[in-house]
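Visitor: Take this sequence and fold it.
(one chain, ligands or ions: 3)
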Amino acid sequence: MKTLKVALLGCGNVGSQVARILLDHSDVLADRAGAKLELAGIAVRSLETKRDAAIPAELLTTDAPALVDGADIVIELLGGLEPAGELIRRALARGASVVTGNKALLAAQGAELNALAFESGAQLRYEAAVGGAIPILRPISDSLSGDRINKIMGIVNGTTNFILDAMDTTGAQFDDVLAEAQALGYAEADPTADVAGHDAAAKAAILASLAFHTDFAYADVHCEGITKITATDVAAAKEAGMVIKLLAIAERTQDGIGVRVHPTLLRRTHPLAAVHGAFNAVFVEAENAGELMFYGAGAGGAPTASAVMGDTVSVARRVVSGGPLPAIAAQQSVKALAFDEISTSYWIGLRVSDEPGVLAAIAAIFAENTVSIEALRQSIIEENHGGSAELRIVTHRSTESSLAAVVAAVADLDAVQEVTSVLRVEGN
Ligand SMILES: NC(=O)C1=CN([C@@H]2O[C@H](COP(=O)(O)OP(=O)(O)OC[C@H]3O[C@@H](n4cnc5c(N)ncnc54)[C@H](O)[C@@H]3O)[C@@H](O)[C@H]2O)C=CC1
Ligand SMILES: N[C@@H](CC=O)C(=O)O
Ligand code: NA
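Guide: Ligands and ions are numbered 1, 2, ... in the order given. Coordinates of the predicted model:
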């Protein structure tokens, strides 16, 4: 049986689990891959760091480039743009295949790296980069390659789903739940990448690129995080039979593809509304397959290592058989929509003076901007009876630019005390 040398770059949360699987299950992996997967070495920052006793010290090296140069397959689990990018390019340039979970790098340089792999005949796989353990990239680029995907909506960041879910179930405030997520180890040490939506935006770019066979980068994704979501927003959504989720959405329209990440109101009957805690799920709508949902652990060392190993075995099979490369390079160039061209339904919360003519004035502004109202609900604010009322308006689909014009004009009305929330609604 052929032996393939595997270079592992990084021995952190995910890398250490990949090393464990490669060492503990070498016989089974060889049967499945059709080649022995020999862990040739593990690149680390320091040989002095205390590690799990199961990691053989003789495999550790601080010379990552030399390790890459002797490998048939390189597994990159360092994270960050450099030196990860440089090492991946080095491997691909010499025809070695690469498996990575580095969503930040792929969202920044995915087009370039895929092109490099295509030119050199090497394979580049990154199932772990989106939805951790969930098989989602291969189903999109392989299982659904005979279909036409129209829309993807994903809960692709565990930290933010944990926070929003806890706010929904306990009524807690954002800051308190973030502290809990940090204590439980879901959030990053600096949780900005999670709560500002950047991590989800990187994953949205990767999903959209594969689903629509076009290169989308991080810069093509409109991104809003969850830091402005209040306990009041969550309670109001709950009262209306909805839940707020941070969704990564990529959608085909007549004019192009809109890719966005923002807090979204979902009806509680939607399958994504039932995704709790730090779990991830991706909901796909395809022309022939209809609606599909992929659900599971989106983060964590062992779950993410599962996806890395799946890619590694798959890559090894192709190295052994010399079969054709998966067609994951972009074959099309579909226009990425600017955010103000995207259309969706909106929920607008307003605090208004409770006096005659207010509703008519607000409705007139919606009509002038051709934004159609689907539902309107008014509640009198008890503690200030006769003074203020809370309005919640749900619109039919309209563009971001029309909605922005409506919100600006409504906010200017003397009778409008505050625009309390503007949220997008999906899953009607
Ligand atoms: N942890 C998770 O749940 C998930 C992680 N990922 C991705 O997997 C990758 C790895 O993530 P983790 O294992 O969680 O990170 P980690 O921070 O636990 O591990 C990275 C390791 O690489 C080492 N490293 C960094 N630069 C190095 C260099 N120049 N030379 C040698 N070693 C170096 C670090 O010292 C650290 O031990 C990242 O790209 C991450 O985005 C993807 C999905 C989920
Ligand atoms: N910080 C990320 C980790 C996985 O990609 C998350 O919370 O989902
Ligand atoms: Na995955």
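Visitor: Phi, psi for F283 please.
Guide: Phi and psi for F283, reported as degrees, to the nearest 10, are phi -110, psi 120.
Visitor: give the contact list for it.
Guide: 152-154, 271-272, 291-293 (C-beta atoms under 8 Å, 6 or more residues apart in numbering). C-beta: built from backbone N, CA, C; applies to glycine.
Visitor: Going through the residues you listed, which ones are buried?
Guide: When those are checked for burial by 16 or more other C-beta atoms under 10 Å, the buried set is 152-154, 272, 292.
Visitor: among those, which are in strands?
Guide: Of these, the ones assigned to strands by DSSP state E are 152-154, 292.
Visitor: What parts of the stretch 51-200 of the chain come near ligand 3?
Guide: For the stretch 51-200 of the chain, the residues in contact with ligand 3 (C-beta under 5 Å from the ion) are 127, 131, 134, 136.
Visitor: for the first one, what are its contacts?
Guide: By C-beta under 8 Å, 6+ apart, the contact list for E127 reads 135-138, 307-308, 310-311.
Visitor: give me that answer again for 6 Å
Guide: 137-138, 307, 311 (C-beta atoms under 6 Å, 6 or more residues apart in numbering).
Visitor: per-residue confidence averaged over whichever strand or helix holds D27?
Guide: Element membership for D27 (DSSP states H and E) is helix 26-33. Per-residue pLDDT over helix 26-33 has a mean of 97.
Visitor: Ok, stretch 283-298 next?
Guide: The average pLDDT within stretch 283-298 is 98.
Visitor: Mind naming the longest helix for the protein?
Guide: helix 301-321 (DSSP state H).
Visitor: Let me know the secondary structure of the closest residue to A248 other than its chain neighbours.
Guide: Among residues not flanking A248 along the chain, A204 sits closest, at 3.7 Å (C-beta to C-beta, 6 or more residues apart in numbering). Here A204 is helix, with the state taken from DSSP: H, G, I helix; E, B strand; the rest coil.
Visitor: Could I get the contacting residues of A204?
Guide: By C-beta under 6 Å, 6+ apart, the contact list for A204 reads 221, 248, 259, 261.
Visitor: tell me the angle of the helix or strand where S16 lies relative to helix 26-33?
Guide: For S16, the enclosing helix or strand under DSSP H and E is helix 13-24. For helix 13-24 against helix 26-33, the angle by axes from the mean of the first three to the mean of the last three C-alpha atoms, to 10 degrees is 90 degrees.
Visitor: Just the buried positions in helix 13-24, please.
Guide: Buried residues in helix 13-24, counting neighbours by 16+ other C-beta under 10 Å, are found at 13-22.
Visitor: And for stretch 390-410?
Guide: 390-395, 398-400, 402-403, 405-407, 409-410.
Visitor: How about the residues of the stretch 201-350 of the chain by ligand 3?
Guide: Residues of the stretch 201-350 of the chain lying near ligand 3 by C-beta under 5 Å from the ion: A307.
Visitor: ok and the residue in the stretch 201-350 of the chain nearest ligand 2?
Guide: A299 (3.6 Å; C-beta to the nearest ligand atom).
Visitor: Which of the buried residues of stretch 390-410 fall in strands?
Guide: Those of the buried residues of stretch 390-410 mapping onto strands are 390-395, 398-399, per DSSP E.
Visitor: Give me the subset of the residues you listed that also touch ligand 1.
Guide: By C-beta under 6 Å from any ligand atom, no member of those lies near ligand 1.
Visitor: so which of the contacts of E127 is the most crowded?
Guide: A307 (28 neighbours; other C-beta atoms under 10 Å).
Visitor: picking that back up, show me which of the contacts of E127 is closest to I380.
Guide: Using C-beta to C-beta, L137 is the member of the contacts of E127 that lies nearest I380, at 50.2 Å.
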